[in-house]
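Q: Generate coordinates for the sequence data below:
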Amino acid sequence: MPLVLWDIDHTLIETRGVGRDLSAAAFEQVTGQPMREQATIDGITEAVTFRETAKLHGLTPDRADFEQCAHALHQQHVSHAAELRERGSALPGAAAALDALAVANVRQTVVTGNVRPVAEIKLGVFGLDTHIQWDVGAYGEDADLRTPLVDLALTRSSTSAKDAVLIGDTPADVEAGRKNDVHVIAVATGRRSAAELRAAGAHHVLNDLTDVDCLLSLIASRT
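A: Modelled structure (predicted):
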């Protein structure tokens, strides 16, 4: 059975505004400026989000600034984990899907734009972290773009592309999988429609994760 590479935001969970609030707090803590606007974050990494948001505020950050922001963002999530749990939620079918894959002996990790400590908190507060092999995943501090993140996860897990499946909700997820010859199952649980995800090149598109049997079948067949 393959290795499943999960996206997190809008694929497994929904923060319902908490994520942006915590990003704003971390941004102000590091830059000294209130975050008036945030760069588009659909499918990009935390490093790019911070850099492009800083540019919108007339700033030119370096890697050290991002690392400070990543640390501040982690601390914000630690401090506000209860708020995240209260306002956010696991998406329908997410817990059942993770459990079913584990029962089927499918390895699972994440390829996410979040930095690893934040990814761990986001899944942990909703009880979705039990089956995740964190050390073979790839995170927002590892690369700017998702395509090299997928490649890194394959390397870390010693998995060939033909034995991997990526599950995500954005065209960026689809592109990252396709460029690495990884089978892509897209879920229309984010900001992009099923039609947009099909047009982006997803091998299969699901409305959500509630049909666990269908998901297992698609992962097993990868055709």
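Q: shaky segments in this protein?
A: The model of the chain has pLDDT under 70 over residues 223.
Q: Which residue ranges make up each domain of it?
A: Domain ranges of the chain: 3-15+89-221, 18-85, per automatic domain parsing.
Q: So what would you say the end-to-end distance of the last one is?
A: Looking back up the chat, that one is domain 18-85. Start and end residues of domain 18-85 are separated by 10 Å (C-alpha to C-alpha, to the nearest Å).
Q: right, so the domains of the chain: which one is the most enclosed?
A: With neighbours taken as mean count of other C-beta atoms under 10 Å, the domains of the chain reach their highest mean count in domain 3-15+89-221, at a mean of 20. Using the backbone N, CA and C atoms, a C-beta is placed for each residue, glycine as well.
Q: Just list the residues touching residue 119, thanks.
A: Residues near residue 119 by C-beta atoms under 8 Å, 6 or more residues apart in numbering: 8, 110, 112, 134, 137, 139.
Q: For it, which non-adjacent residue is closest in space?
A: residue 112 (5.2 Å; C-beta to C-beta, 6 or more residues apart in numbering).
Q: and the gap between that neighbour and residue 143?
A: Distance of residue 112 to residue 143, computed by C-beta to C-beta, to the nearest Å: 12 Å.
Q: intersection of neighbour lists for those two?
A: residue 149.
Q: What's the first helix or strand after the helix ranked longest in the chain?
A: Taking DSSP state H as the criterion, the chain has its longest helix at helix 63-79. Next helix or strand after helix 63-79 toward the C-terminus (DSSP states H and E): helix 81-87.
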